[in-house]
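# just a sequence and a predicted model for now, questions to come.
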Amino acid sequence: MSGALVEGFSVTHRRYVPHSHAHYGGNLVDGAYGLGMFGDVATELLIHTDSDEGLFAGYSSVEFAAPIQAGDVIEATATLVRIGKRSREIEFEARVVCRSAPGRGPSAADVLAEPIVVTRARGTVVAPKSAE
């Protein structure tokens, strides 16, 4: 084990949302995009805490707070909030940190002064039995 198995430990990923992911009018991206990021950030968290990718058992809550748009830069954070014998409960939050500004031009974009929270969730992952 790598020693990061402490409540409050967190991992953050950032990703540009390509225009090819827009499925709806207004360049909207489906909410599952943020959930996919949560799976990736949970995997890294488990690698740090348990030296294994682990398995995602499920979400106990998911809240879609604001839309994700093509051209956004999204930041997803996973924070370890409960440690069981093999289970790990994680809180997730995805925020838009940059947003396209097509009114100024086809490639214009802004860094947001305040990130926009787009998705929150809580989930459980399971670490494999350690070989003792």
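Happy to help now that I have it. Because the structure is a prediction, the values reported are computed rather than measured.

# now do the buried residues in the biggest strand by length in the chain.
Taking DSSP state E as the criterion, the chain has its longest strand at strand 109-126. Buried residues in strand 109-126, counting neighbours by 16 or more other C-beta atoms under 10 Å, are found at 109, 115-116, 118-121, 123-126. Just so you know, the C-beta spots here come from the backbone N, C-alpha and C atoms, and that holds for glycine as well.

# kindly report the same for stretch 78-96.
Buried, per 16+ other C-beta under 10 Å, within stretch 78-96: 78-80, 88-96.

# farthest-separated two in those residues?
Taking C-beta to C-beta as the measure, these span a maximum distance of 26.6 Å, between Arg88 and Val96.

# so for stretch 23-39, mean pLDDT?
For stretch 23-39, the per-residue pLDDT values average out at 91.

# which residues touch that stretch?
Residues outside stretch 23-39 that contact it (C-beta atoms under 8 Å, 6 or more residues apart in numbering): 13, 15, 17, 19, 21-22, 56, 59, 62, 64, 67-72, 74, 76, 78, 92, 94, 100, 118-119, 121, 123.
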